[in-house]
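Student: What would the 3D arrangement of this be:
(2 chains)
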Amino acid sequence: MNLIRRGEYHAFAGGDARFLYLVPSAAVIRIDDVTQAILDALETGDRSPGDLTASLGDRWTPEDVRSSIDELLGLRAVYPVVAPPPKPIAEKPKRRIPLQTLVLNVTSKCNLSCGYCYEYGEDRIVEQTTKPRFMNEEIARQSVDFMFAESDDSPTVNLTFFGGETLMNFKVLKSALAYAKERASALGKEVNSSLTTNATLLREEVIDWIVENDVGVTVSIDGAREQQDKHRTFSNGMGSYDIIVPHIKQLLARHRRRPVGARVTLTGQNLDVVSIYKHLFEEIGFWEVGFAPVTTSWQREYSIQDDGFQTLLSGFQTLAADFLQSALAGRRHGFSNVRDTLEELHKGMSKAYPCGAGLGLMGVATDGDVALCHRFAGSNSHKLGTVFDGVDHSRQDDFLTKHHIANKTDCSTCWARPLCAGGCYHEAHTRYGSTVEPNLHYCDWIRSWTNTCLEVYGTLAERAPEFLTQFDR
Amino acid sequence: MRHLKSVNQKAQRIQSTLENDVVALQQGGAPAGPHVPLGCSFVFSPGWEVDSNGGTAGLCQPVERDLFDCYLTCFWPAHVPDLYNHAPDWTAKCASAQKDWRKIDLIFP
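Tutor: Okay, the predicted model is just below:
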């Protein structure tokens, strides 16, 4: 008896149609009524095609049932019991992924004293006294050379500046980018640059440089005055909102070629994403607004607890619904969390790793040590090499094998793993003391949020498929 | 596909690979593009067989052809020597299989 079994998928609806999100392929398919009936029947146990044809015979012809089963088998939404899907194998990528993004931590110093900061706060992993506080010009140049050397045949590389407060080392930013542009034109490549800043030091001279050099800017800001000043303060406790907003408005007025985004850190006390979004997008005028929960161990006063995740989810869902209405009406909406997820869903990304850290992205500490990403820059236990000697590929391979999704047994039955893949290494390190752990504290949240994004995606696919063509590139 | 519609890029990619997969002729004809069946399992080639009279005289190909079925034409590692590396002269004395097949030597690698 050739029984068939339900494969791994998540069913969802959108725009009056029914869809499946197939796992692990991350394919999204729309299904018809006979297919739905077959899948319903398989929910109760394995069945043979003959049995299904007979039991559904009052509503559908044998030919309909058979052809639907064939299509489901082809896409592996169901599988023959005798030929189960192969078990995933943890192995490093077959081909070395060229470096595409290098994040330069140009300084570990900051002029703000945000209580929740992972660089300085209670959860810091890098002991600041062992490293220089500022990257010098020579190391920045070496980093640029390292970036081009490790980028292999990639036609474009991304150079990102990060801190501490990035603009406290403006002199090095300027010289590093000028050198990167010079090297790029000599090598026939393109260099794309961006930076993250708290906006306190966005002087006229800095804005001139940003505009002139087409630098992408992300501003760390937590919302309106009361929300911003809760954690984002100077060392004397004074809030930073009144200082930064005039700077940001000036930047937004002058920097029109690249979108300027806001990046919000959410804490247990700052979860009203709808009002934060409205303030930053509508009142201040950011092109887009992205949110991320604060990275912290669970016992901190500002960490987000269970009911907080619920509040956060309903806020995100409200904004996602708002995003959908805007997209259907042809209006731009700036909620970047949903937009980024829609792009990943549209492409059908199925990740072996949660992000590009240690793969196509690396971070450089002020002394030239290369680590997984900017959050680990300067940490000796997460070091992958130096800008002088290049990447230690055996260390990188070892990291990639250990962190492969196939090794995260907790994730092996989760339908959201193609997108989540266990979540941020730094978050896991802070919560559980190890980068190999999946972030189990927000699994339910991730699944609910992914489902919301799938519903938005399905609705757009049905009612405004032209909206999704922007992700076809 | 009649019942499922590929919505995202990944589904479309998987679907496009299915369209070039092996299909039964009953499923609606051969797919477009090259579809030449190759290899001994696809062609009728009498093996260690007999004709309708129980002999080998009436076979449509000489029985000696068996010696060469896996040789030259086939990728399958079989009971013939490796002509590229170890036994390039294996058939040197065998101009015609029907007449000269006894001249083919055993090869001990």
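Student: Next up, the contacts around the closest residue to chain A within chain B.
Tutor: The minimum distance from chain B to chain A, using Cβ to the nearest Cβ, falls at B:Lys10 (2.2 Å). The way it works is simple: take the backbone N, C-alpha and C, and place the C-beta from them, glycine included. Applying Cβ atoms under 8 Å, 6 or more residues apart in numbering or on different chains, one finds that B:Lys10 lies in contact with A:Ser25, A:Ala26, A:Ala27, A:Val28, A:Lys347, A:Gly348, A:Met349, A:Ser350.
Student: do the same with A:Ala292
Tutor: Neighbouring residues of A:Ala292 by Cβ under 8 Å, 6+ apart: A:Arg263, A:Val264, A:Thr265, A:Leu266.
Student: Let me know the outermost residue of chain A.
Tutor: Computed with Cα atoms, centre = their mean, the residue of chain A farthest from its C-alpha average is A:Asp58, at 47.7 Å.
Student: what bits of chain B have low per-residue confidence?
Tutor: B:20-52, B:56, B:58-79, B:109 (pLDDT under 70).
Student: so A:Ala11 bridges to which residues?
Tutor: Counting by DSSP bridges, A:Ala11 forms beta bridges with A:Leu20.
Student: so how far is A:Thr107 from it?
Tutor: Distance of A:Ala11 to A:Thr107, computed by Cβ to Cβ, to the nearest Å: 49 Å.
Student: Compare neighbour counts for these two and give me the winner.
Tutor: A:Thr107 (23 against 17; other Cβ atoms under 10 Å in any protein chain shown).
Student: Verify the stated contact: that one with A:Phe161.
Tutor: No. Look at A:Thr107 against A:Phe161 with Cβ atoms under 8 Å: they stay out of range, at 9.5 Å.
Student: Regarding chain B, what is its longest helix?
Tutor: Among the segments of chain B that qualify as a helix by DSSP state H, the longest is helix B:9-19.
Student: Just the buried residues of stretch A:203-210, please?
Tutor: Across stretch A:203-210, burial judged by 16 or more other Cβ atoms under 10 Å in any protein chain shown covers A:Val206, A:Ile207, A:Trp209, A:Ile210.
Student: Near chain A, which residues of chain B are found?
Tutor: B:1-11, B:13-15, B:18, B:21, B:27 (Cβ under 8 Å from any Cβ of the partner chain).
Student: list the contacts for whichever residue of chain A sits closest to chain B?
Tutor: Closest approach between chain A and chain B, counting by Cβ to the nearest Cβ: A:Gly348, at 2.2 Å. Counting by Cβ under 8 Å, 6+ apart, A:Gly348 touches A:Ser25, A:Ala26, A:Ala27, A:Val28, B:Asn8, B:Gln9, B:Lys10, B:Ala11, B:Arg13.
Student: how about 7 Å then?
Tutor: Residues near A:Gly348 by Cβ atoms under 7 Å, 6 or more residues apart in numbering or on different chains: A:Ala26, A:Ala27, A:Val28, B:Asn8, B:Gln9, B:Lys10, B:Ala11.
Student: Ok, A:Leu400 next?
Tutor: Residues near A:Leu400 by Cβ under 7 Å, 6+ apart: A:Lys92, A:Pro93, A:Gly358, A:Leu359.
Student: which among the residues you listed gets closest to B:Ser96?
Tutor: When the contacts of A:Leu400 are compared for distance to B:Ser96 (Cβ to Cβ), A:Pro93 wins out at 54.2 Å.
Student: any idea whether that closest one is helix, strand or coil?
Tutor: coil (DSSP: H, G, I helix; E, B strand; the rest coil).
Student: roughly how far apart are it and A:Thr401?
Tutor: From A:Pro93 over to A:Thr401 (counting by Cβ to Cβ), the distance is 10 Å.
Student: Repeat that for A:Asp40.
Tutor: 40 Å.
Student: Equivalent analysis for A:Gly188, please.
Tutor: A:Gly188 sits 34 Å away from A:Thr401, going by Cβ to Cβ.
Student: More neighbours: the two, which one.
Tutor: A:Thr401 (13 against 7).
Student: contacting residues for the residue nearest to the more buried one when sequence neighbours are not counted?
Tutor: With Cβ to Cβ, 6 or more residues apart in numbering or on different chains as the criterion, A:Thr401 has its nearest non-adjacent residue at 5.3 Å, and that residue is A:Lys92. Taking Cβ under 7 Å, 6+ apart as the contact definition, A:Lys92 lies against A:Asp397, A:Leu400, A:Thr401.
Student: Kind regards, and thank you for your time.
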